[in-house]
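Visitor: sequence and predicted model, in that order:
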Amino acid sequence: MGLLEDKVVLVNGGSQGVGAAIVRATAREGADVVFTGRRADVGEALVAELAEAGTKVSFVRADLADPAQARGSVEQVVAARGRIDCLVNAAGLTSRGSLLETTPELFDAHMAINLRAPFFAMQAAVADMIARKAPGTIVNIGSNCAHGGPPFLAPYSTAKAGLAGLTRNAAHAHRWDRIRINGLNIGWTETEGEDAIQREFHGAGDDWREEAARRLPMGKLGQPDEIADFVVFLLSDRSGVVTGSVIDWDQNVLGGQD
């Protein structure tokens, strides 16, 4: 028996990077997995990859910047499966912008993907759980930038700080409904999206991962599959009663000084 056997799981932002790793891990643990993404070709490629390995997952194309589609991602799962047991909000926008350089349009884009989309997906998921008087679990993928972040990630850090607050607020509000809501503030992680960001905004070459690893305590960047295993634990009954926790999943120790 897998840790998520027979659970209906929705992974928003699951077509690549950390989200795709979570799709693979939740499916491996026995869940009935649906995931969303903006690009149909990328989403269908992941479906095909897992089908070849003997695992069935379902893809729904959605632009989560639209609140109706964020809610709709959950509503489609409920309509097709009859319920939603677990929700993971993994979609993220990491485009750069400082306090002085950020335009209203860039600010709004970060709020739409990094904060508003999780809010309205959670709204729909919690509504279904309450209507059925059933327990459920939600995990929000945040960032250690919620604690401040570098100057070039001003709107991103702002949105992720809001997501941490939302996680705690919703967990407190729905603890008596037995809906557990937790978050992971992840650090620098090795993903396809991070590779593109490093090249576009920081002039990185092909060896940027190796260079970064040499500067990190554990000798490597965060790995999506390791994050995914932690998410599975938080979604499952193995994490017990824990709710309202926003865990710093990183190798840098906040508050530590040399």
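Guide: Perfect, thanks for sending it.
Visitor: endpoints of stretch 94-101, how far apart?
Guide: End-to-end span of stretch 94-101 (C-alpha to C-alpha, to the nearest Å): 15 Å.
Visitor: how far off centre is that stretch?
Guide: Distance of stretch 94-101 from the chain centroid (C-alpha atoms, centre = their mean, to the nearest Å) equals 21 Å.
Visitor: for A204, give me its contacts.
Guide: Contacts for A204 (C-beta atoms under 8 Å, 6 or more residues apart in numbering) come out as Q198. C-beta here means a position set from N, CA and C on the backbone, and glycine is covered the same way.
Visitor: and it, how far is that from A80?
Guide: According to C-beta to C-beta, to the nearest Å, A204 stands 41 Å off from A80.
Visitor: what's the answer for V246, then?
Guide: 31 Å.
Visitor: quick one: which of those two has more around it?
Guide: V246 (20 against 12; other C-beta atoms under 10 Å).
Visitor: which ones are touching that one?
Guide: Contact analysis of V246 by C-beta under 8 Å, 6+ apart lists 142, 146, 164, 167-168, 182-185.
Visitor: return the members of those classed as buried.
Guide: Buried subset of the contacts of V246 (neighbour count, 16 or more other C-beta atoms under 10 Å): 142, 146, 164, 167-168, 182-185.
Visitor: roughly how far out does stretch 56-68 sit from the chain middle?
Guide: For stretch 56-68, the distance to the chain centre is 13 Å (C-alpha atoms, centre = their mean).
Visitor: just to check, E192 is in contact with G17?
Guide: Yes - between E192 and G17 there is a contact at 5.8 Å, judged by C-beta atoms under 8 Å.
Visitor: kindly provide the distance from I84 to E5.
Guide: From I84 to E5 the distance is 16 Å (C-beta to C-beta).
Visitor: those two - which one has more neighbours?
Guide: Between I84 and E5, counted using other C-beta under 10 Å, the more crowded position is I84 (28 against 11).
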